[in-house]
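> 3D model of this:
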Amino acid sequence: MGKPPGGTKSATSVRARTSRVWKTGLFTALVIVSNVAGNAFLSWGMKRTEAGAALPIPAFLVPFLSPVVWLGIALLIVWMLSRMTLLSWADLSFVVPVTSLGYVLNVAAGAFLLGEAVDGKRWLGALLIVAGSVITGLTIHDQTRVHPAGKGAGALEPRQ
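Just a heads-up that it's a prediction; the model follows:
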């Protein structure tokens, strides 16, 4: 099938692109939120777990008794799987910078939720990450196509 008369995009291709943009945005948010929440719960649970003398298990296994630690681990598994899914249809050069907003939110979670001391240098670094993420987020993020098996399997083909 060729292009519609007049060179305009078909309604189907516009819907497909809109759908891809929505799911990319949704999974980007899922990656960021699950990363921040998972790290915060894991850190909170690990810092509040104490090895009691009465427990008959080694001290390094005690954190695994905490439901908060398990919640953090589960959220980090969601983070990894959603990031893998996002990378399956969006460019690496888009995914990594945009999801790096999670680093900034991790700093904020550490400061405001966990009561950690965060100095000005860390906040400046976080703001630089935000600036880079905003610039990257404004770029087009289409799926990269892969050559068919007969044309060099595994080689990436640039977008046209």
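
> what is the neighbour count of the residue nearest to Ser66 when sequence neighbours are not counted?
Among residues not flanking Ser66 along the chain, Gly45 sits closest, at 4.6 Å (CB to CB, 6 or more residues apart in numbering). In this view, the C-beta of every residue, glycine as well, is placed from N, C-alpha and C. If you count neighbours by other CB atoms under 10 Å, Gly45 ends up with 20.

> tell me the pLDDT at Gly45?
Note for Gly45: predicted pLDDT of 93.

> show me where this structure has its strands.
For the chain, strands defined by DSSP state E occupy the ranges 145-146, 156-157.

> so for the first one, mean pLDDT?
Per-residue pLDDT values across strand 145-146 average out to 52.

> picking up where we left off before, from what I can see the residue nearest to Ser66 touches Phe64, true?
No - applying CB atoms under 8 Å as the test, Gly45 and Phe64 come out as separate, 9.8 Å apart.

> list residues touching both of those two?
Among the neighbours of Gly45, none is also in contact with Phe64 (CB atoms under 8 Å, 6 or more residues apart in numbering).

> lowest average confidence, helix or strand, in the protein?
Every helix and strand of the chain was ranked by mean pLDDT, DSSP states H and E. The lowest is strand 145-146, at a mean of 52.

> low-confidence regions, this protein specifically.
1-9, 51-55, 140-160 (pLDDT under 70).

> residue nearest the centroid of it?
Val31 (3.2 Å; CA atoms, centre = their mean).

> please report how far that residue lies from Val95.
Computed as CB to CB, to the nearest Å, the Val31 to Val95 distance reads 8 Å.

> any common contacting residues for those two?
83, 86.

> still on that earlier bit, got the contact list for the residue nearest to Ser66?
Counting by CB under 8 Å, 6+ apart, Gly45 touches 63, 66-69, 71-72.

> quick check: the two most widely separated of these?
Largest separation among those by CB to CB: Pro63 and Leu71, giving 12.2 Å.

> these two: which is more packed in?
Pro63 (20 against 17).

> buried stuff in the longest helix seen in the chain?
Longest helix of the chain, by residue count under DSSP state H: helix 11-47. Of all the residues in helix 11-47, those buried under the rule 16 or more other CB atoms under 10 Å are 24, 27-28, 30-45.

> before we move on, what about stretch 80-89?
82-83, 86-87.

> got the CA positions of that stretch in PDB?
Only the C-alpha atoms of stretch 80-89 are listed here, as PDB (Å, rounded to 0.1, in the frame of the first residue of the first chain):
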ATOM      1  CA  MET A  80      13.300  -4.000  35.500                       C
ATOM      2  CA  LEU A  81      10.500  -5.700  33.600                       C
ATOM      3  CA  SER A  82       8.800  -2.400  32.600                       C
ATOM      4  CA  ARG A  83      12.100  -0.900  31.500                       C
ATOM      5  CA  MET A  84      12.800  -4.000  29.400                       C
ATOM      6  CA  THR A  85       9.400  -3.600  27.800                       C
ATOM      7  CA  LEU A  86      10.000   0.100  27.200                       C
ATOM      8  CA  LEU A  87      13.300  -0.600  25.600                       C
ATOM      9  CA  SER A  88      11.600  -3.100  23.200                       C
ATOM     10  CA  TRP A  89       9.800  -0.300  21.400                       C
END
